[in-house]
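**Q** Here is my input, please return the structure:
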Amino acid sequence: MADITKEGEDTINSEITDSEISNKDTDSEDGINSEITGSEVLKREIEFLKVELEKEKEVSEKNLSKLRYLMADFDNYRKQIEKQMESRIQEDRSQLFIKILKIYDDCILALETLKNGQYDSTVISGIRGIMTNFEGFMKDEGLVEIETMGTPFDPNVHDAIGFVSNELAPDNSIMEVVRKGYLLNNKVLRPSSVILSKRTVTNKDINEKDKE
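**A** Predicted structure coming up:
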């Protein structure tokens, strides 16, 4: 009886051991499958993130390109506005100096009138002092008198307002300056008003020309 009981216990223990081994094998396979599945999921997530990163990179580059275009447009707009403002300032400045030159012309005319009349020397000195101040101011502001006497006539800087007969000087020689002209920043602010020479054509000149 004792032997039968022992054999029964051994059989039960053997079954339990086989079951435990079977369960361990199953758990091991499940663990491996779980690891493989987790690795694949992680791999897929990485691939997905890479795709999304590329998309975001493209969007970022497009936005950066748009920003650069906007900055370039703004810079061009800023330069254009600055140029317009500078042009407006120069135009207003030129108009102001033209008005100042008219006052200076009046001073010159007044001084010539005083010189030809019997006036006190202090009055003449006072006018000369005013003119000196004008000339100093104009020089400081960049106004330069246009050369006239002793230079060829140049329609770009000289304005011919009349002619005088002169047989000795070549035609269109500057004989007199009626009103001084000035340059501002190397541009003509006001041309010089001048009188030019004009030779009289005689029958003798015509006959000599025909012989040639």
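
**Q** State the number of residues packed around the closest residue in space to residue 165 that isn't next to it in sequence.
**A** Counting by CB to CB, 6 or more residues apart in numbering, residue 165 lies nearest to residue 200, which is 5.3 Å off, once chain neighbours are set aside. Glycine gets a C-beta too; all of them are placed from N, C-alpha and C. The burial metric for residue 200, expressed as a neighbour count using other CB atoms under 10 Å, is 8.

**Q** same deal with residue 58?
**A** One way to gauge burial is a neighbour count; for residue 58, by other CB under 10 Å, it gives 10.

**Q** Which secondary structure state does it sit in?
**A** When classified by DSSP: H, G, I helix; E, B strand; the rest coil, residue 58 comes out as helix.

**Q** Check residue 178 too.
**A** When states are read from three-state DSSP, the local structure at residue 178 comes out as strand.

**Q** list the contacts for it?
**A** Applying CB atoms under 8 Å, 6 or more residues apart in numbering to residue 178 gives the contacts 161, 162, 193, 194, 195.

**Q** now the residues you listed: which count as buried?
**A** By neighbour count, with 16 or more other CB atoms under 10 Å, those hold 193, 194, 195 as buried.

**Q** any chance you could map the strands in this structure?
**A** Along the chain, counting by DSSP state E, strands occupy 143-145, 158-165, 174-179, 182-184, 187-190, 192-198.

**Q** highest average neighbour count across the ones you listed?
**A** Relative to the other members of those, strand 192-198 carries the highest mean neighbour count by mean count of other CB atoms under 10 Å, namely a mean of 20.

**Q** Excluding its own residues, what touches that one? List them.
**A** Applying CB under 8 Å, 6+ apart, the set of residues contacting strand 192-198 from outside is 146, 148, 153, 157-166, 169-181.

**Q** from the middle of its chain, how far away would it be?
**A** Relative to the chain's own centre, strand 192-198 is displaced by 41 Å; criterion: CA atoms, centre = their mean, to the nearest Å.
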